[in-house]
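Trainee: Sequence and predicted structure below; questions after.
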Amino acid sequence: MFELGLSGQMFDGGTIRDHLSAARDFGYSCVEVRSTHVKPDTPREELEEIRKMLDGEGLYASALSCFVGNYGLFPESECPRALETYKAYADLAAFLGAGMVRMWPAWQESSTAPPEVWDRAARWIGKSAEYARELNQKIVIEMHHGTLCDTAESSMRLLAMVGQDNVGLTLDPVNLYQVPANYGAQAIRTLGDRLFNVHIKDIVRLEAGDYPYSFAYSYYARHIGRFTPVVPPEPAEERFYCHRRIGCGGVDWAHVLRSLRDSGYRGRLIVESVSETNRHMPSGRDLAQACSRDVQALFEVLR
């Protein structure tokens with residue numbers, strides 16, 4: 001139904017070899033490579049070995065998932081440096097044969113971001129898109145709570161400001177579920193042909209933070225803040241969630257997949273599940289195998 005890929009996120013604590021072998025063994029067609037495993041300063045011999053591994057496993061890299069961009073929160077004087085960082089990752093993606101590079105616009109909720117944040121993000125994403133075009137690449141912005149692209153409408157507003165057709169979006173329903181914002185048919189119609197990629201995973205909202213493996217909505221600000229500036233959210237009341245197997249959480253995946261199919265989307269579905277510290281979830285290879293089975297079960301429902 002959809003080409004199934006595996007993100008390296010569940011192997012952030014392991015190696016890229018762990019990631020690629022799991023993708024091969026459990027029937028994934030492609031991988032979304034993470035910057036936790038490869039960086040522009042990774043030795044050339046190691047990068048060549050990774051490229052050989054991809055070929056040897058019968059896989060290809062669909063995208064390079066990294067923490068570039070965030071132009072909206074940098075002073076104008078720092079944006080050229082951030083652009084050069086993006087270019088280094090774009091060159092790395094080209095070496096690995098990946099056609100997309102993930103980019104963040106600004107780690108600030110769309111409803112609170114002032115006009116200058118929107119303007120700076122759009123202008124410098126546009127400059128990045130010009131370089132991507134030279135490499136025959138696309139830039140893909142992950143729709144994520146706590147960013148300018150935290151709803152379908154705000155995402156399309158930003159793309160209109162950027163004005164480049166090689167910049168599109170990754171729909172991540174779990175991220176939008178936390179906003180909360182529409183992640184189903186309405187959102188998919190709004191995104192139209194700017195939908196380049198889809199992430200699949202699952203969580204469920206809890207009544208409180210009593211469950212030992214729960215996490216707060218605002219957790220992302222601390223997590224992402226390790227890599228790049230973040231404007232923390234100020235929720236009226238903290239919300240709590242925990243990770244679940246795909247199809248066992250709060251996201252209506254049957255509806256999402258049917259809506260994607262009916263919209264004509266024929267792109268990739270990238271598994272991005274994690275267990276983190278949740279002892280009630282499988283992890284690593286076990287999680288990759290479980291996710292493959294869970295997604296195939298959803299496909300059977302749609303057939």
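Mentor: Received it, and whenever you're ready, just let me know what you need.
Trainee: which secondary structure element contains the closest residue to Phe11 other than its chain neighbours?
Mentor: Excluding its sequence neighbours, the residue lying closest to Phe11 (CB to CB, 6 or more residues apart in numbering) is His19, at 4.2 Å. Where you see a C-beta, it was placed from the backbone N, CA and C, and this is true even at glycine. Using DSSP states H and E, His19 sits within helix 16-25.
Trainee: from the chain's centre, how far out does that helix sit?
Mentor: On the basis of CA atoms, centre = their mean, to the nearest Å, helix 16-25 sits 19 Å off its chain's mean C-alpha point.
Trainee: same thing with stretch 260-272?
Mentor: So, by CA atoms, centre = their mean, the centroid of stretch 260-272 is 14 Å from its chain's centroid.
Trainee: Repeat that for stretch 10-17.
Mentor: Relative to its chain's centre, stretch 10-17 lies at 16 Å (CA atoms, centre = their mean).
Trainee: What average pLDDT does that stretch get?
Mentor: Stretch 10-17 carries an average pLDDT of 96.
Trainee: and Ile139, helix, strand or coil?
Mentor: Assigned with DSSP: H, G, I helix; E, B strand; the rest coil, Ile139 falls in the strand class.
Trainee: give the contact list for it.
Mentor: Residues near Ile139 by CB atoms under 8 Å, 6 or more residues apart in numbering: Met100, Val101, Met103, Ile125, Ser128, Ala129, Ala132, Gln164, Asn166, Val167, Gly168.
Trainee: what about 7 Å?
Mentor: Ile139 makes contacts with Val101, Met103, Ile125, Ser128, Ala129, Ala132, Asn166, Val167, as judged by CB atoms under 7 Å, 6 or more residues apart in numbering.
Trainee: Take these and write them to JSON lines, including pLDDT and secondary structure.
Mentor: Output for the contacts of Ile139, formatted as JSON lines (pLDDT from 0 to 100; DSSP: H, G, I helix; E, B strand; the rest coil):
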{"residue": "Val101", "pLDDT": "98", "secondary structure": "strand"}
{"residue": "Met103", "pLDDT": "98", "secondary structure": "strand"}
{"residue": "Ile125", "pLDDT": "99", "secondary structure": "helix"}
{"residue": "Ser128", "pLDDT": "99", "secondary structure": "helix"}
{"residue": "Ala129", "pLDDT": "98", "secondary structure": "helix"}
{"residue": "Ala132", "pLDDT": "98", "secondary structure": "helix"}
{"residue": "Asn166", "pLDDT": "98", "secondary structure": "coil"}
{"residue": "Val167", "pLDDT": "99", "secondary structure": "strand"}
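Trainee: and these as CSV, adding neighbour count and distance to Glu300?
Mentor: Shown next, in CSV, are the contacts of Ile139 (neighbours: other CB atoms under 10 Å; distance: CB to CB, whole Å):
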residue, neighbour count, distance to Glu300
Val101, 28, 34
Met103, 25, 35
Ile125, 28, 39
Ser128, 26, 40
Ala129, 19, 39
Ala132, 26, 37
Asn166, 18, 35
Val167, 23, 35
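Trainee: of all those, which comes closest to Leu59?
Mentor: Nearest to Leu59, judged by CB to CB, of those is Val101 at 18.1 Å.
Trainee: Does Arg258 fall in a helix, a strand, or a coil region?
Mentor: helix.
Trainee: was I right about the residue nearest to Phe11 contacting Tyr28?
Mentor: No: His19 lies out of contact with Tyr28 (CB atoms under 7 Å); the separation is 9.9 Å.
Trainee: Now do whichever strand or helix holds Leu4, average pLDDT.
Mentor: Leu4 is located in strand 3-7, with elements delineated by DSSP H and E. Strand 3-7 carries an average pLDDT of 98.
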